[in-house]
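Visitor: Need a 3D model of the sequence below.
(chains A and B)
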Amino acid sequence: GENVEQHPSTLSVQEGDSAVIKCTYSDSASNYFPWYKQELGKRPQLIIDIRSNVGEKKDQRIAVTLNKTAKHFSLHITETQPEDSAVYFCAVFGNQFYFGTGTSLTVIP
Amino acid sequence: KAGVTQTPRYLIKTRGQQVTLSCSPISGHRSVSWYQQTPGQGLQFLFEYFSETQRNKGNFPGRFSGRQFSNSRSEMNVSTLELGDSALYLCASSLKVPGQGDGELFFGEGSRLTVL
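Guide: Next comes the predicted model:
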């Protein structure tokens, strides 16, 4: 099956700085790559996604880039704010969803 | 529109017992999937149902089972509970139709199971 690795597992940034989280996957047939945000005690929610026919997608302060050749994709958050503090999960879809192990992001005011 | 509802939210069981968790998807969503969330392991796929049929199953022992009813509500059952089954069990529904690609997952708040 698919093998999804997510790094780093924890990340602390100063408010206003950028944060980058990277995921790698193994199955070249995977074609959908969403990112979910889970605030403490809450349910995961989709924040952005990208499909295999697109290299980059932006939504305000967040962006996702996909490198199909290298089989990795990254989440970029610019101008971080304290409310960005959460656990972020990448996911890969081939015939089912495979999730990364999560990155705990802390934004220091 | 009501979100995904999971019951119970919290439960405590002892080793050897069995447990049933329930999930009501968003109205109109026919795909329901289940995930086990543990610290450091992320979300691990258990199984997916569509129109009362199991479409996919993750790498979990046969003690983990599920079903889906005609109204798309789903239940999962864990028999002969072990300490390692302690986790947050998340259910997600989507508009995904098998064979027509993926779709956004809408998660419930989860059922937190503690096995003593």
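Visitor: For chain A, what lies in contact range of chain B?
Guide: Applying C-beta under 8 Å from any C-beta of the partner chain, we find that chain A lies next to chain B at A:1, A:6, A:31-32, A:34, A:36, A:42-46, A:49, A:89, A:91, A:93, A:95-102. (Glycine included, C-beta is placed from N, CA and C.)
Visitor: Out of those, which end up buried?
Guide: Neighbour-count burial (16 or more other C-beta atoms under 10 Å in any protein chain shown) applied to those gives A:6, A:32, A:34, A:36, A:43-44, A:49, A:89, A:91, A:93, A:96-102.
Visitor: which ones among the residues you listed are found in helices?
Guide: Residues of these located in helices (DSSP state H): none.
Visitor: Just these: which are in strands?
Guide: Residues from those lying in strands, with DSSP state E as the criterion: A:6, A:32, A:34, A:36, A:49, A:89, A:91, A:93, A:97-99.
Visitor: of those residues, closest to residue B:25?
Guide: Taking C-beta to C-beta as the measure, residue A:97 is the one of these closest to residue B:25, at 15.7 Å.
Visitor: Need the pLDDT of the closest one.
Guide: On pLDDT, residue A:97 comes in at 90.
Visitor: From what I see, it and residue B:34 are in contact.
Guide: No - here residue A:97 lies out of contact with residue B:34, judged by C-beta atoms under 8 Å, at a distance of 11.2 Å.
Visitor: Mutual contacts of the two, please.
Guide: residue B:45 (C-beta atoms under 8 Å, 6 or more residues apart in numbering or on different chains).
Visitor: thinking again about what came up before, switch the ones in strands among the buried ones among the residues of chain A next to chain B over to a markdown table; also include distance to residue B:3.
Guide: Shown next, in a markdown table, are those (distance: C-beta to C-beta, whole Å):
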| residue | distance to residue B:3 |
| --- | --- |
| A:6 | 26 |
| A:32 | 22 |
| A:34 | 18 |
| A:36 | 15 |
| A:49 | 19 |
| A:89 | 19 |
| A:91 | 19 |
| A:93 | 22 |
| A:97 | 19 |
| A:98 | 24 |
| A:99 | 20 |
